[in-house]
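> no sequence for this one, just the structure:
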């Protein structure tokens, strides 16, 4: 089944999630609500709700319960985006003006805080304290991931392990707990919930590596912005770290990165991208992404053959596919 | 009993809360931890933990349970301070460099997010879902209060009602829920918890009005910064709103505020303060603070005569006392 078919099949439930998302930020304060809705309507793949819903299919799937975790998880993701845009000084995201650009940094900061609060408020309708523990711990870990990213800007000495730890917190964790909380909310047994967590974690790692590859190997049309924006920002990603290990690339690449840093990220990253593309960094990063995808498949082994299992496999295949 | 005596009496329990506060932000990421500890060690009256502990005395007081709400409430207060400092562009607070000044805005934003997450993570050890509902709702309301404050900067047309609604969200709510959650965690009956909520709400309202009065009527030594900083920032507080209703003051005060605004808050607020002090704004604001204090006393009526009740009365007296 293609991913579009999956969206089509889940359309009814996803529409309800979408309505709840809008509803969740539509009351209260006009400006906060406008900023939040602006963010919401800029779209997104709603990948976290999809994982919640699919994981829920392994247990007692009741949409009115599932949405109490699906909506908070997407909101937490949204809140992290709006705070990222403050930090990154980003003017557009997904082709739309960011909140910090359309309004200002102050409004973006409080919009993020507000959406966080709303997320937790919705989840607090569920009595299971495990859900709150997992959610609040994820918030802490995500902040640490963001701070690590800031600290590591232009750090060309970082190891692969360092990078992996950072993307685990920044990306993989929220996808992992989307799978886990979907299972917990549907009251699956603990083993199933943990397997789904592992699936989500591995897909999330592969997803971020692929995303980082795309920023260096994709076309401007594919990415929606000029390639190399991570590098211009100082975000040293896996293909770069691996390219720096390649003797043919190392010295020239170091000089290019230093030059981008010294120009405050204003410099075109074209030359650096060229060096990376000629190195083995891309292929090695690609192989690592595929290893995570394999582990994602393994995590699903032994789970009952419900339709959702097939869907999760399809998603992992899709994430694993090289599309640049 | 004087307030210092109350601190002395509660010293043992407050020390434990202090240790837990430090512990709560001491692990994980070094920079986040440093920034959080810097904020923590800048001090503060720990008024929210005090309310939690005193409210707990009306029920089954167990410090290991009480601290699971006292620590999160102080952390939420701290997180709101660190985000406020980003917004207010403040370089010092309580005579110490702010996080945004010692580090930068990005770190201040994520430090706030991190402390929020930690707060909720600690509270999530308590199984009672009501606690999570109350806490997350408070986060939402506090954001709305902050946004209202930003929106209302230099708005000289705002009503007293408007001001009261803003400080309710900004200040009174967190004090009210400190009292309520102390009671809920100590499993008092619902009526007691609601009475303590009303007490905290009214004390909180009086506390903010007094604070706003102090900024206009206090000396630099009392305030720790030059008087009129609210006004320079554009924050139109109750004495100003009431002074604007005083015909003798209105026209000249409007001109002064417009001039402060047009100078980007750089202008000395001395002249505006002089006008306000000659108006009836201060006295009227004072009277309103006292009305809230009276309501706080009324809220306690009928509660059992435990020592904590006397302490809460003492605190209300202290908040009610004009000290400028």
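Structure received. Model, not experiment: these values are computed from the prediction.
> Pull the number of nearby residues for residue A:159.
Burial of residue A:159, expressed as a neighbour count using other Cβ atoms under 10 Å in any protein chain shown, amounts to 10. Glycine gets a C-beta too; all of them are placed from N, C-alpha and C.
> Surely residue A:56 and residue A:183 touch.
Yes. Counting by Cβ atoms under 8 Å, residue A:56 touches residue A:183, with 7.0 Å between them.
> Close to chain B: what parts of the stretch 101-250 of chain A are there?
Selection of the stretch 101-250 of chain A residues close to chain B by Cβ under 8 Å from any Cβ of the partner chain yields A:105-107, A:109-110, A:112-114, A:116-118, A:120-121, A:123-127, A:129, A:132-133, A:135-137, A:139-140, A:142-144, A:146-148, A:150-151.
> What confidence value was assigned to residue A:95?
With respect to pLDDT, residue A:95 scores 67.
> Select the helix or strand of chain A having the lowest average pLDDT value.
strand A:92-93 (a mean of 70; mean pLDDT, DSSP states H and E).
> State the next helix or strand along the chain beyond that strand.
Along the chain past strand A:92-93, the next helix or strand (assigned with DSSP states H and E) turns out to be strand A:96-97.
> quick one: strands adjacent to that next one?
strand A:92-93 (antiparallel) (DSSP bridges).
> these two touch, right, residue A:180 and residue A:58?
No. The criterion here is Cβ under 8 Å, and residue A:180 misses it with residue A:58 at 11.2 Å.
> between these two, which one's more packed in?
Counting neighbours by other Cβ under 10 Å for residue A:180 and for residue A:58 shows that residue A:180 has the greater number, 28 against 23.
> quick one: the more buried one and chain B, what's the gap?
Distance, residue A:180 to chain B, using Cβ to the nearest Cβ, to the nearest Å: 15 Å.
> Please apply the same query to residue A:166.
Taking Cβ to the nearest Cβ as the measure, residue A:166 and chain B are separated by 11 Å.
> Wait, that residue touches residue A:145, no?
Yes. Look at residue A:166 against residue A:145 with Cβ under 8 Å: they come within range, at 5.6 Å.
> Quick check: neighbours shared by residue A:180 and residue A:58?
residue A:196 (Cβ atoms under 8 Å, 6 or more residues apart in numbering or on different chains).
> Remind me which helix or strand residue A:209 belongs to.
helix A:190-217.
> what's downstream of that helix, the next helix or strand?
Helices and strands here follow DSSP H and E; after helix A:190-217, the next one along the chain is helix A:220-223.
> tell me what whichever helix or strand comes after that following helix is packed against?
Stepping forward along the backbone from helix A:220-223, the first helix or strand reached (DSSP H and E) is helix A:229-233. Counting contacts by 3 or more Cβ pairs under 8 Å, 6 or more residues apart in numbering or on different chains; DSSP states H and E, the secondary-structure elements packed against helix A:229-233 are helix A:190-217, helix A:247-262.
> how about a cut-off of 10 Å?
Packed against helix A:229-233 by the contact rule (3 or more Cβ pairs under 10 Å, 6 or more residues apart in numbering or on different chains; DSSP states H and E) you find helix A:63-88, helix A:190-217, helix A:238-244, helix A:247-262, helix A:270-278.
> which one of those lies closest to residue B:201?
Residue B:201 lies closest to helix A:63-88 among these, at 27.7 Å (Cβ to Cβ).
> What average pLDDT does the closest one get?
Mean predicted lDDT for helix A:63-88 stands at 90.
> tilt between it and helix B:63-88?
Between the direction of helix A:63-88 and that of helix B:63-88, the angle (axes from the mean of the first three to the mean of the last three Cα atoms, to 10 degrees) works out to 50 degrees.
> buried stuff in helix A:63-88?
A:65-88 (16 or more other Cβ atoms under 10 Å in any protein chain shown).
> Can you give me the buried ones in stretch A:304-315?
Here stretch A:304-315 shows A:308, A:309, A:311, A:312, A:315 as buried, counting by 16+ other Cβ under 10 Å.
> what does it rub up against?
Residues lying outside stretch A:304-315 but in contact with it, judged by Cβ atoms under 10 Å, 6 or more residues apart in numbering or on different chains, are A:1-3, A:5-6, A:9-10, A:47, A:50-51, A:53-58, A:61, A:179, A:182, A:188, A:192, A:196, A:199-200, A:203, A:207, A:296-297, A:299-301, A:303.
> Now which of those would you call buried?
If you count burial by 16+ other Cβ under 10 Å, the buried members of these come out as A:6, A:10, A:47, A:50-51, A:53-58, A:61, A:179, A:182, A:188, A:192, A:196, A:199-200, A:203, A:207, A:296-297, A:299-300, A:303.
> what kind of secondary structure is the spatially most central residue of chain A in?
Of all residues in chain A, the one closest to the mean position by Cα atoms, centre = their mean is residue A:171, 4.3 Å from it. Each residue gets one of three states, and residue A:171 gets helix by DSSP: H, G, I helix; E, B strand; the rest coil.
> Quick check, pLDDT for the closest residue to residue A:244 other than its chain neighbours.
The spatial neighbour of residue A:244 that comes closest, neighbours along the chain excluded (Cβ to Cβ, 6 or more residues apart in numbering or on different chains), is residue A:250 at 5.4 Å. pLDDT recorded at residue A:250 is 96.
> Residue A:250 is in contact with residue A:156, isn't it?
Yes. The pair formed by residue A:250 and residue A:156 meets the contact definition of Cβ atoms under 10 Å, at 9.4 Å.
> what residues are shared contacts of those two?
Common neighbours of residue A:250 and residue A:156, counting by Cβ under 10 Å, 6+ apart, are residue A:244.
> re earlier: of the residues of the stretch 101-250 of chain A next to chain B, select the buried ones using a PyMOL command.
Provided next is the PyMOL selection string for whichever of those are buried by 16+ other Cβ under 10 Å:
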select buried, chain A and resi 105+106+107+109+110+112+113+114+116+117+118+120+121+123+124+126+129+132+135+136+137+139+140+142+143+144+146+147+148+150
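> Just the element for residue A:155, please.
With DSSP H and E as the criterion, residue A:155 is inside neither a helix nor a strand.
> Now do it against residue A:241, distance only.
Taking Cβ to Cβ, to the nearest Å as the measure, residue A:155 and residue A:241 are separated by 10 Å.
> Please apply the same query to residue A:120.
For residue A:120 relative to residue A:241 (Cβ to Cβ), the value is 35 Å.
> Please apply the same query to residue A:277.
The gap separating residue A:277 from residue A:241 is 15 Å, by Cβ to Cβ.
> Those two: which has the busier surroundings?
Applying other Cβ under 10 Å to residue A:277 and residue A:241 shows that residue A:241 carries more neighbours, namely 23 against 15.
> Which of the contacts of stretch A:304-315 fall in helices?
A:3, A:5-6, A:9, A:47, A:50-51, A:53-56, A:179, A:182, A:192, A:196, A:199-200, A:203, A:207, A:296-297, A:299-300 (DSSP state H).
> ok, residue A:271 touching residue A:249?
No. The pair residue A:271 and residue A:249 does not pass the contact test of Cβ under 10 Å, sitting 11.7 Å apart.
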